[in-house]
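Using only what follows, build the 3D model:
(one chain, ligands or ions: 1)
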Amino acid sequence: MRLALIAHDEKKPDLISFAEERQADLERFELMATGTTGQRLIDATGLDIERKQSGPLGGDMQIGAEIASETCDGVIFLRDPLTAQPHEPDISALLRICDVHQTPLATNLASADAVLDELIRQLDGEE
Ligand SMILES: O=C(CO)COP(=O)(O)O
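Residues are numbered from 1 along each chain as shown. You can find the predicted model right below:
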């Protein structure tokens, strides 16, 4: 099962803490991330993560393409709702394509655990 991890700059510390807490669970997935998020997570946890482009350079669109191809099963995207992003259209497109394909999506820390728990439940069912 493939899972995407993304965080805006203000939320990267939260995502790193989340990944440290849930590292054993995250290791069960094929992970992908936008460029800077991926590097920060790799540095902090050593998790094996496929890095796409940085978000403003097209990383959200690359993850959106994975969702459109149904090669990504869930997204944890800790958005910063208080800072304008230059690539807002890409972000909107990513959220939209998740809805189009019924892809589980968490956009804040409060729902990240819930999405990961549900994907783990599905993984356990597959085994
Ligand atoms: O901007 C992002 C998502 O919209 C995240 O990109 P980075 O992980 O490269 O910072």
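
switch to C-alpha atoms for all contacts and neighbour counts from now on
Noted.

Within range of the ligand, give me the residues from the chain.
By C-alpha under 6 Å from any ligand atom, the residues of the chain that approach the ligand are 6-9, 34-37, 54-56, 60, 91.

would you list every one of the helices in this protein?
12-21, 23-26, 35-45, 59-68, 88-100, 109-126 (DSSP state H).

right, so those: which one is the most enclosed?
The highest average neighbour count among the helices of the chain, using mean count of other C-alpha atoms under 10 Å, belongs to helix 59-68 at a mean of 21.

contacting residues around that one?
4, 33-35, 52-54, 72-73, 90-91, 93-94, 97-98, 101, 103 (C-alpha atoms under 8 Å, 6 or more residues apart in numbering).

got it, and stretch 93-100?
For stretch 93-100, the external contacting residues (C-alpha under 8 Å, 6+ apart) are 60-61, 63-64, 67-68, 104-105.

Export those as a markdown table, with columns for pLDDT.
Formatted as a markdown table, those follow (pLDDT from 0 to 100):
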| residue | pLDDT |
| --- | --- |
| 60 | 98 |
| 61 | 98 |
| 63 | 98 |
| 64 | 98 |
| 67 | 98 |
| 68 | 98 |
| 104 | 98 |
| 105 | 98 |
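
got those as JSON lines, with distance to residue 43 columns?
Putting the contacts of stretch 93-100 into JSON lines (distance: C-alpha to C-alpha, whole Å) gives the following:
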{"residue": "60", "distance to residue 43": "21"}
{"residue": "61", "distance to residue 43": "24"}
{"residue": "63", "distance to residue 43": "21"}
{"residue": "64", "distance to residue 43": "25"}
{"residue": "67", "distance to residue 43": "26"}
{"residue": "68", "distance to residue 43": "29"}
{"residue": "104", "distance to residue 43": "26"}
{"residue": "105", "distance to residue 43": "24"}
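
Of those residues, which is the nearest to the ligand?
Of all those, residue 60 has the smallest distance to the ligand: 5.7 Å, by C-alpha to the nearest ligand atom.
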